[in-house]
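> With the input below, show me the fold.
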Amino acid sequence: MITAILKSAGIMTKGSISCWTVSCILMEGYVASQIQLGFEIADAKALTGSGDGISHWNVQYYSWHINLKASDYKSSDRAKQYVTHLLGITPSFDSSNEESIKDWNLVLESIVDLYNHSPLGK
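Just a heads-up that it's a prediction; the model follows:
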C-alpha cells in the first residue's frame, strides 16, 4: 500500500517492507497509543465514559469511548481541549449490566496497567 501511494505521487522506492515489519509497526503504534491514552486519563481531572452495543449472529459487541480534556499536541502552549477517544470494540458475554461493568473494567484496566508499567507512567 505504501509503495502504491508513493508511486501515485511520483516517488519511486527501493525494496519493500516485509509483512513482519508491518506487523511490528502496527503493534508498536497500538502500544504507544495506549500509553498516551493512559497518560491523558491520569492527567485528566474528570472523564465521561460511554458505550453502545449491537448483536451480530447472537454475539454481543460493544464500542467504548471516553470524553476528557487533554492537551492539544499541535499548539505550542499545550492548551487543553475536549477530546473523544475510542477505546475499542469488544465482544461481550451478554448484555447484562453486570457484564457491561466487568467489560468496562477490563478495557480500562488494560490501558492503566500498560501505562503504569511504561517509563512515562513511572
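
> what is the mean pLDDT for stretch 88-101?
If you average the pLDDT over stretch 88-101, you get 76.

> Counting by contacts, list what the lengthiest helix in the chain packs against.
What stands out as the longest helix in the chain, according to DSSP state H, is helix 19-43. Other helices and strands packing on helix 19-43, by 3 or more CB pairs under 8 Å, 6 or more residues apart in numbering; DSSP states H and E, are strand 59-71, strand 80-92, helix 97-117. For glycine as for every other residue, the C-beta is placed from the backbone atoms N, C-alpha and C.

> Next, the angle from that helix to strand 80-92.
Compare the direction of helix 19-43 with that of strand 80-92 by axes from the mean of the first three to the mean of the last three CA atoms, to 10 degrees and you get 120 degrees.

> buried set for helix 19-43?
The neighbour-count check on helix 19-43 (16 or more other CB atoms under 10 Å) flags Gln34, Ile35, Gln36, Leu37, Gly38, Phe39, Glu40, Ile41 as buried.

> from the chain's centre, how far out does it sit?
8 Å (CA atoms, centre = their mean, to the nearest Å).

> cool, and stretch 62-82?
Distance, centroid of stretch 62-82 to centroid of chain: 13 Å (CA atoms, centre = their mean).

> follow-up on the earlier one: of the helices and strands packed on helix 19-43, which stretch is the most buried?
Highest mean neighbour count of these: strand 59-71, a mean of 17 (counted as mean count of other CB atoms under 10 Å).
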